[in-house]
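Colleague: Turn this into a model:
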Amino acid sequence: MTKGIRWTRPLIEATLEELYVDDHFEELLGRAPGDLRSAQYAQAIAVALILRHSWHPDDLACMLKRLKLRVGDA
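Modeller: Below is the predicted model of the structure:
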């Protein structure tokens, strides 16, 4: 059923909604979730995950490590 699924606007919007993005998301990407271009989908997911884990320094550090990012990269 989901074998051939690709990143589409409905899928990215549902994913970002589940990650509870807030106003910081738009500040960082310069676009609201519904205004993203498909080329920004991976960046949007990474930003949403980082924001979700940004409230606890240890969680944030762990997420950045999992994404193979450094503080200056995010």
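Colleague: R31 contacts Q43, doesn't it?
Modeller: No. Shown here, R31 and Q43 do not form a contact pair, counting by Cβ atoms under 8 Å, at 10.3 Å. No exception for glycine: its C-beta is placed from N, CA and C like everyone else's.
Colleague: Who are the packing partners of the helix or strand bottoming out on mean pLDDT in the chain?
Modeller: One helix or strand of the chain scores below all others by mean pLDDT, DSSP states H and E: helix 23-29, with a mean of 90. Using 3 or more Cβ pairs under 8 Å, 6 or more residues apart in numbering; DSSP states H and E as the contact criterion, the elements in contact with helix 23-29 are helix 41-52.
Colleague: ok, then the element right after the helix it packs on?
Modeller: Going down the chain from helix 41-52, the next helix or strand is helix 57-66, by DSSP states H and E.
Colleague: residues in contact with the residue nearest the centre of the chain?
Modeller: The centroid of the chain falls nearest to I45 when counting by Cα atoms, centre = their mean (2.3 Å). Taking Cβ atoms under 8 Å, 6 or more residues apart in numbering, we find I45 in contact with I12, T15, L16, L19.
Colleague: of all those, which comes closest to R37?
Modeller: Distance to R37 across the contacts of I45 (Cβ to Cβ) is lowest for I12, with 10.4 Å.
Colleague: My understanding was that that closest one contacts P33; is that so?
Modeller: Yes. Judged on Cβ under 8 Å, I12 makes contact with P33 at a distance of 7.3 Å.
Colleague: Identify the residues contacting the least confident helix or strand of the chain?
Modeller: With Cβ under 8 Å, 6+ apart, helix 23-29 has contacts from L16, A32, P33, L36, Q40, Q43, A44, V47, A48, L51.
Colleague: and it, how far out from the chain's middle?
Modeller: 10 Å (Cα atoms, centre = their mean, to the nearest Å).
Colleague: do the same with stretch 41-50
Modeller: On Cα atoms, centre = their mean, the centre of stretch 41-50 falls 2 Å from the chain's centre.
Colleague: If anything else comes up later, I'll come back, but that's it for now.
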